[in-house]
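Chemist: I'd like to go over a predicted model; first the sequence, then the structure.
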Amino acid sequence: DFENKNIGYKLWPCCGYTQNYVDATLHLIQLHDIEPGDILHITIVVNETAGRLFEPWEVRYRPRSSDDAKWSIPWTVACAAARSRVTLGDFSAEGIRDALILDIAQKVTPKIDPALNGMKGIPPGTVEIKTGRHVYNAQVDHPYGHPRNPVKREDLIAKFLVCASHAVKPLKREEINSLVDMMFNFEQIEDIRNIIVLLS
C-alpha cells in the first residue's frame with residue numbers, strides 16, 4: 001500500500017477541526033460576493049468536539065495569542081469572512097487583534113447537532129451566513145487539500161510561497177523556485193543534500 005496517496009494538505013494554517021468551516025465560509029463569501037459589512041450572523045453546525053473550539057469565550061472570540069486563534073472556529077471563520085483568506089500572516093500579533101475580524105467573530109455562534117457526535121474523525125462543516133437580504137448555506141465534507149478534495153499544484157505552490165515569506169532565514173525567490181522544482185521532480189534529484197543546502 002502506498003499510504004502517501006492518502007496524504008492531505010492543510011491549506012489554512014489552523015486546527016484541523018477549523019478546515020471544513022473555513023472552506024465553507026470562503027466558498028460562500030466568494031460565490032455570493034458577500035461583503036464583511038453585510039454579515040449579520042454566522043451559524044456553525046458542530047459536534048461536541050468541534051464545539052470545544054468555541055470555549056472559553058475570552059480565548060476563542062478574542063484570542064490572546066496565535067495559538068488561541070488557530071484553535072478557534074469563530075476567529076478563523078471570521079478571518080475567512082473578513083479577508084477572503086486565512087494565511088500565516090493573519091495569525092501575527094497584529095493580525096489577531098484586527099478589529100474587523102474580532103467584530104465578525106462576535107457574530108459567529110455554534111449549533112450542536114447530536115447526530116454528528118457518533119461520527120469518527122472531523123465532522124462535515126456546515127456554515128450559514130445571514131445578511132440583511134439573504135441566508136446562504138454551504139456544507140463541506142472534505143476541505144480543499146484533503147485526499148478526497150485534492151489541491152491544485154498552483155494553489156499548493158502559492159501556500160508554500162506565503163509560508164516561505166515568513167521564514168526566519170529569508171529565502172531568495174530563485175531559491176524558492178529551485179525548492180519548488182525539486183519537490184515536484186523529487187525522483188530526479190541526484191543528491192538530496194541539495195534541498196538541505198537551500199534551507200540552511
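Modeler: Sure, I can see it.
Chemist: separation between Pro13 and Arg85?
Modeler: Pro13 is 11 Å from Arg85, where distance means C-beta to C-beta, to the nearest Å. For glycine as for every other residue, the C-beta is placed from the backbone atoms N, C-alpha and C.
Chemist: those two: which has the busier surroundings?
Modeler: Pro13 (20 against 14; other C-beta atoms under 10 Å).
Chemist: pretty sure that one contacts Asp67?
Modeler: No: Pro13 lies out of contact with Asp67 (C-beta atoms under 8 Å); the separation is 11.2 Å.
Chemist: counting by contacts, list what the worst-scoring helix or strand of the chain on mean pLDDT packs against.
Modeler: Within the chain, confidence by mean pLDDT, DSSP states H and E is lowest for helix 193-199 among all helices and strands, at a mean of 86. For helix 193-199, the elements it packs on are helix 173-183, judged by 3 or more C-beta pairs under 8 Å, 6 or more residues apart in numbering; DSSP states H and E.
Chemist: so what touches the least confident helix or strand of the chain?
Modeler: By C-beta atoms under 8 Å, 6 or more residues apart in numbering, the residues outside helix 193-199 that reach it are 169, 171, 175, 178-179, 182, 189.
Chemist: filter those residues down to the buried ones and hand me the ChimeraX line.
Modeler: Filtering those down to the buried ones (16 or more other C-beta atoms under 10 Å) takes a single ChimeraX command:
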select :171,179
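Chemist: and the helices in this protein?
Modeler: 16-32, 48-51, 57-60, 66-70, 73-83, 99-105, 153-164, 173-183, 193-199 (DSSP state H).
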